[in-house]
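Chemist: No letters, just coordinates:
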């Protein structure tokens, strides 16, 4: 989903052949350790399971699926942005790559709403704290994502403008593709996948932080760390990507028509695409703050017995 709004501007970003492999390799190694470890901890070592735990499990699962696409992207960029795995593999891995962005935002928003209800409306939370509601919400998120992916891919092969010696994958789409499905999908993703969730996060979390700050206990301080972790992930990974993505859509929609803006927007888009992938190795920091530190000690083999969760999410605070 990259390129300038005007192909004649010929934007370039030579640094990307070094940037993406380095960042993606880092994300792949750290992300797999953190997310697979989180799945183990939250599935096998934490009882009883709460609604927030269900959202964390789904977020870790989404990150793990995303990480499985990175070896293909690493090879693609090391090979001079030349895709050798075929069109079907390109559409599947490319769709999973970008869909993960919005699935991650969706589950972070679910955690946000869950923490808001738990802290600001505790009596309501006590009535809703069983996992049935969170399971239904999680299933709905995955269902919407799968339906959107199928609708996008079943619409037919994508027309990309690759060079004479390279085969582009999920970038450099033709004007025809942007005039048909690309613009509609991107606008919907920007509004419903990022703008609405960002609004919820930015409204809910200050209220949660203010409420928790009044409690002034060890548990409240841990809960504040969860809040700061989510805000940091949102601001560092997702916000820059979507700001630049908006400029990118304005270029593709010919609202921004001057070629002088094409190159900086293209370069910024490549950088923010690398930044957005960092969420998969930063999310485990959030998982760590939501549980007892002892739950993660299987890395050091300090905790031989299974114990109950005692920190923020496990206590519902």
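Modeler: Yes, it's here. Everything numeric here is computed off the predicted structure, so don't read it as measured data.
Chemist: where's the closest residue to residue 195 other than its chain neighbours, which helix or strand?
Modeler: Closest residue to residue 195 apart from its sequence neighbours, by CB to CB, 6 or more residues apart in numbering: residue 242 at 7.8 Å. C-beta here means a position set from N, CA and C on the backbone, and glycine is covered the same way. Residue 242 belongs to helix 239-252 when elements are defined using DSSP states H and E.
Chemist: same thing with residue 98?
Modeler: helix 87-120.
Chemist: could you say what helices and strands the following helix or strand past that helix packs with?
Modeler: Remark: after helix 87-120, the chain's next helix or strand is helix 122-128, criterion DSSP H and E. Applying 3 or more CB pairs under 8 Å, 6 or more residues apart in numbering; DSSP states H and E, we find helix 122-128 packed against helix 87-120.
Chemist: what angle separates the helix it packs on from helix 239-252?
Modeler: With axes from the mean of the first three to the mean of the last three CA atoms, to 10 degrees defining the directions, helix 87-120 sits at 130 degrees from helix 239-252.
Chemist: what comes up buried for the helix holding residue 98?
Modeler: Buried residues in helix 87-120, counted by 16 or more other CB atoms under 10 Å: 90-119.
Chemist: Helices of the chain, residue ranges please.
Modeler: Secondary structure of the chain (DSSP state H): helices located at 16-40, 51-67, 70-78, 87-120, 122-128, 131-154, 175-177, 183-190, 196-213, 218-233, 239-252, 262-277, 279-289.
Chemist: Please produce TSV containing the ones you listed, extended by distance to residue 169.
Modeler: Formatted as TSV, the helices of the chain follow (distance: least, CB to CB, whole Å):
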stretch	distance to residue 169
helix 16-40	12
helix 51-67	16
helix 70-78	6
helix 87-120	4
helix 122-128	43
helix 131-154	14
helix 175-177	14
helix 183-190	17
helix 196-213	27
helix 218-233	27
helix 239-252	17
helix 262-277	13
helix 279-289	20
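Chemist: Out of those, flag the one nearest residue 9.
Modeler: Closest to residue 9 of the helices of the chain is helix 262-277 (CB to CB; 3.7 Å).
Chemist: ok, residues contacting the closest one?
Modeler: The contact list for helix 262-277, computed with CB atoms under 8 Å, 6 or more residues apart in numbering, reads 2-6, 9, 11-13, 15-16, 19-20, 23-24, 27, 66, 70, 101, 236-238, 240-241, 243-245, 247-248, 251, 256.
Chemist: For residue 131, the count of nearby residues, please.
Modeler: A count of nearby residues for residue 131, using other CB atoms under 10 Å, gives 16.
Chemist: Could you report the separation of residue 13 from residue 211?
Modeler: Distance of residue 13 to residue 211, given as CB to CB, to the nearest Å: 44 Å.
Chemist: Please, a ChimeraX command that selects the buried ones among the contacts of helix 262-277?
Modeler: Of those, the buried ones go into a single ChimeraX selection, burial set by 16+ other CB under 10 Å:
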select :2,3,4,5,6,9,11,13,16,19,20,23,24,27,66,70,101,237,238,240,241,244,245,247,248,251,256
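Chemist: ok so, going back, angle of the helix holding residue 242 against helix 262-277?
Modeler: Using the same axes, to 10 degrees: helix 239-252 against helix 262-277 is 140 degrees.
Chemist: and helix 239-252 with helix 183-190, angle?
Modeler: 160 degrees.
Chemist: Helix 239-252 - contacts with which helices or strands?
Modeler: helix 183-190, helix 262-277.
Chemist: repeat that for 10 Å
Modeler: If you count contacts as 3 or more CB pairs under 10 Å, 6 or more residues apart in numbering; DSSP states H and E, helix 239-252 packs onto helix 87-120, helix 183-190, helix 196-213, helix 262-277.
Chemist: Can I get those helices in JSON lines including distance to residue 131?
Modeler: Converted to JSON lines, the helices and strands packed on helix 239-252 look like this (distance: least, CB to CB, whole Å):
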{"stretch": "helix 87-120", "distance to residue 131": "11"}
{"stretch": "helix 183-190", "distance to residue 131": "29"}
{"stretch": "helix 196-213", "distance to residue 131": "21"}
{"stretch": "helix 262-277", "distance to residue 131": "29"}
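Chemist: right, and those - which one's nearest residue 171?
Modeler: Nearest to residue 171, of all the helices and strands packed on helix 239-252, is helix 87-120, at 8.5 Å by CB to CB.
Chemist: quick one: average pLDDT of the closest one?
Modeler: For helix 87-120, mean pLDDT rounds to 88.
Chemist: if we can go back for a sec, contact partners for the residue nearest to residue 195?
Modeler: Listed by CB atoms under 10 Å, 6 or more residues apart in numbering, the contact set of residue 242 reads 101, 105, 189, 190, 193, 194, 195, 198, 248, 272, 276.
Chemist: Please consider this matter closed, and thank you.
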